[in-house]
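Could you look at this predicted model? Sequence included:
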Amino acid sequence: ADDDYRLNIRVINEYPWSNLFAYNMFLRPEESELKDFEEDWLVVNAPGFMADPEVDGTRQHNFAILNFTRKIALIGGTGYTGEIKKGIFSALNFILPVDKNTLPMHCSANVGEEGDTAIFFGLSGTGKTTLSADPERKLIGDDEHGWTK
């Protein structure tokens with residue numbers, strides 16, 4: 001969310017429900033920023049496109065491909081919208097440490113009244129979101145964070 005670490009992404013989806021997922025997942029530019037918007041990364045999500053492994057060089061019909069040269073995440077053959085998020089977060093796992101001196105973390109975090117921060121690490125489904133939703137503390141976020149100086 002910090003402007004110094006922001007990554008502009010454009011997401012193109014085949015289905016409206018995939019677009020709704022991306023709309024809710026990522027921060028959106030302000031109206032004033034849209035006129036001159038240029039994406040840093042492009043996500044193309046085509047769940048209805050099935051790859052032909054013999055023609056396309058994939059192992060199976062579904063795929064999620066990150067191209068760091070072209071800065072494109074290409075997703076197909078899967079209706080799992082989480083691939084949109086995982087594609088960008090995977091790219092950030094390489095970009096943030098090298099370009100921004102920042103440690104990307106798959107965690108949730110909250111803060112107490114005195115500014116004390118708690119970070120909850122774990123694989124998906126291990127309770128990070130539940131643990132961070134303490135009614136006595138303010139939620140910072142429940143999925144991905146960056147630790148910087």
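Good, I have the coordinates.

Could you use CA atoms for every contact and neighbour count after this?
Fine.

Give me the number of neighbouring residues for Asn8.
15 (other C-alpha atoms under 10 Å).

ditto for the one 3 residues further on
The number of residues packed around Val11, counting by other C-alpha under 10 Å, is 18.

Nearest residue to the middle of this structure?
Lys85 (3.5 Å; C-alpha atoms, centre = their mean).

just checking, that one touches Met25?
Yes - here Lys85 lies in contact with Met25, judged by C-alpha atoms under 8 Å, at a distance of 7.4 Å.

In the protein, where's the longest strand?
For the chain, the longest strand by residue count, based on DSSP state E, is strand 103-111.

any idea of the mean pLDDT for that one?
The predicted model assigns strand 103-111 a mean pLDDT of 94.

Show residues contacting the lengthiest helix in the chain.
As assigned by DSSP state H, the longest helix anywhere in the chain is helix 82-99. Contact with helix 82-99 is made by 5, 22, 25, 43, 45, 64-66, 68, 73, 75, 102-104, 144, as judged by C-alpha atoms under 8 Å, 6 or more residues apart in numbering.

Of the residues you listed, which count as buried by neighbour count?
Among the contacts of helix 82-99, the ones that count as buried by 16 or more other C-alpha atoms under 10 Å are Ala22, Val43, Asn45, Ala64, Leu66, Ala73, Ile75, Thr102, Leu103, Pro104.

Distance to Asn110 added to these, as JSON lines?
JSON lines is the format used below for those (distance: C-alpha to C-alpha, whole Å):
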{"residue": "Ala22", "distance to Asn110": "24"}
{"residue": "Val43", "distance to Asn110": "30"}
{"residue": "Asn45", "distance to Asn110": "32"}
{"residue": "Ala64", "distance to Asn110": "32"}
{"residue": "Leu66", "distance to Asn110": "31"}
{"residue": "Ala73", "distance to Asn110": "30"}
{"residue": "Ile75", "distance to Asn110": "32"}
{"residue": "Thr102", "distance to Asn110": "19"}
{"residue": "Leu103", "distance to Asn110": "18"}
{"residue": "Pro104", "distance to Asn110": "17"}
